[in-house]
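K.L.:
What follows is a predicted structure for the sequence shown.
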Amino acid sequence: MTTVTIHQAQSTLSELIHRLSPGDEVVITENDRPVARLIPSPETPQTLPRQLGTMKGSVLYMAPDFDAPLDDFRECME
């Protein structure tokens with residue numbers, strides 16, 4: 001854990017950010033009291049593109065009235 005004053009952080013912010021590695025943190029102080037903490041943002045995991053048709057055959061039952069209008073919305077449909 002690195003500790004820097006607010007004035008040092010202002011002048012070297014870019015360098016502080018680029019030096020951060022996972023698990024590191026920089027505490028920024030003012031008048032010997034911690035006022036902020038600089039931590040690296042978590043990396044977003046790489047996701048594979050979606051593949052169409054991977055869930056084909058997973059619906060085993062569908063009610064016969066699946067696409068029938070709902071009674072609650074009948075007056076809206078007229």
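P.N.:
Right, received. Where do you want to start?
K.L.:
so where is this protein shaky, pLDDT-wise?
P.N.:
Regions of the chain meeting the criterion pLDDT under 70 are absent.
K.L.:
tell me the contacts of the residue nearest to residue 21 when sequence neighbours are not counted?
P.N.:
Distance criterion Cβ to Cβ, 6 or more residues apart in numbering; nearest residue to residue 21, sequence neighbours excluded, is residue 40 at 6.8 Å. The C-beta positions use only the backbone N, C-alpha and C, and glycine is treated the same way. Neighbouring residues of residue 40 by Cβ atoms under 8 Å, 6 or more residues apart in numbering: 20, 21, 22, 24.
K.L.:
out of those residues, which one sits closest to residue 51?
P.N.:
residue 22 (30.9 Å; Cβ to Cβ).
K.L.:
and that closest one, how far is that from residue 43?
P.N.:
Distance, residue 22 to residue 43, using Cβ to Cβ, to the nearest Å: 8 Å.
K.L.:
Need the max-distance pair from the contacts of residue 40.
P.N.:
Farthest pair in the contacts of residue 40, by Cβ to Cβ: 20 and 22, 8.3 Å.
K.L.:
And those two? Which one has more around it.
P.N.:
residue 20 (15 against 9; other Cβ atoms under 10 Å).
K.L.:
Does residue 29 touch residue 6 like I think?
P.N.:
Yes: contact between residue 29 and residue 6 holds when scored by Cβ atoms under 8 Å: they sit 6.9 Å apart.
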